[in-house]
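Q: model the following, please.
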Amino acid sequence: MTMKKPIFNYDEISDTLYVSFEPGEKATGIELNEHILLRININERKAIGLTFLEYSLLAQKTEVGPRSFPLTSLSELSEELREIVLYILLRPPVSDILSLSTYTPSIVEAIPIISLQPMAIAAA
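A: Below you'll find the model as predicted:
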């Protein structure tokens, strides 16, 4: 199965980047945090698209590398849906655009974080 190239649409006025993997396919929106919406087909466990609100903030570099953002909404999902979302985030085409990792402020706390893959968006 060949993967289609994602379609990128940037709306400068609202500073929103839309990424579509499966144009026109119905999807369920999962808010990952206040800036990132993942659209998925739950039954097929696949990504349909991504929406980045305040995209220029998300893509802004810092002096030590790309910005990372906590996936604050993951904890609000059911265990089953959270597992599906993590499965999708860790695989192409989403993993070509987003890099998932963990911030561990203490030995007992692990916070999933995400950052934009700079090359994926620049190539769009």
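Q: contacts and neighbour counts: CA atoms only from here.
A: Will do.
Q: leaving out chain neighbours, which residue sits closest to Tyr10?
A: With CA to CA, 6 or more residues apart in numbering as the criterion, Tyr10 has its nearest non-adjacent residue at 4.4 Å, and that residue is Leu17.
Q: partners of the helix or strand containing the one you found, with directions?
A: Using DSSP states H and E, Leu17 maps to strand 16-20. If you go by DSSP bridges, strand 16-20 pairs up with strand 7-11 (antiparallel), strand 46-53 (antiparallel).
Q: need those strands in CSV (columns: distance to Leu98 and mean pLDDT).
A: As requested, the strands paired with strand 16-20 are arranged in CSV below (distance: least, CA to CA, whole Å; pLDDT from 0 to 100):
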stretch, distance to Leu98, mean pLDDT
strand 7-11, 14, 95
strand 46-53, 10, 97
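Q: which of those strands sits most buried?
A: Across those, averaging neighbours per residue (mean count of other CA atoms under 10 Å) puts strand 46-53 on top, at a mean of 22.
Q: chain center to that one: distance?
A: Put simply, strand 46-53 sits 6 Å off its chain's centre (CA atoms, centre = their mean, to the nearest Å).
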